[in-house]
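K.L.:
model this:
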Amino acid sequence: MGKGKKQSSESLVFLKGVLLSLGIYLLGQLLVTLLVVRGTMSEKSLFPTVAALCVLAALGGAFLCARRPVWGPLPSALGCAALFAAVLTAVGILSWGSVSWTGHGGVLVLCALGGGVLAGLLGSGRRGRHKRKKAGL
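P.N.:
Sure, this is the predicted structure:
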């Protein structure tokens, strides 16, 4: 029928955001692991680095969702970050049987949600030009 560009569904925006977050997180984990094994990074600085990586990964994926908002920039970014945190939690439960919410597990979930809030605030800026009123002749 129409030869126009297909509109991406709402769920595809969130899927792309979560996949981007997971890609950034997994590549960062590989880099951090390499640095620890080589002795470049100490084991004491491992968790703060992983927490910062979690914020950056959530920020990247949630920023994508905030720039293509389904419900508005902040709710879309928070939704994407919440899905990323849910995937991290599910992988943690499947791998270790439980998640220590009062230990490092809860902090990583909060870091992911914080990255979503930050992306929602940064992604809410207006894009495009503003129309100027012409002066009367």
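K.L.:
low-confidence ranges in the protein?
P.N.:
1-8, 125-137 (pLDDT under 70).
K.L.:
can you do 90?
P.N.:
Scanning the chain for pLDDT under 90 picks out 1-13, 43, 66-73, 92-93, 95-108, 122-137.
K.L.:
Please identify the buried residues of the longest helix seen in the chain?
P.N.:
In the chain, taking DSSP state H as the definition, the longest helix is helix 10-38. Using 16 or more other CB atoms under 10 Å as the test for burial, helix 10-38 gives Val13, Phe14, Lys16, Gly17, Val18, Leu20, Ser21, Leu22, Ile24, Tyr25, Gly28, Val32. Backbone N, C-alpha and C define where each C-beta goes, glycine included.
K.L.:
What of stretch 38-51?
P.N.:
Across stretch 38-51, burial judged by 16+ other CB under 10 Å covers Met41, Thr49, Val50, Ala51.
K.L.:
Now name the helix or strand holding Ala82.
P.N.:
In this assignment (DSSP states H and E), Ala82 forms part of helix 73-96.
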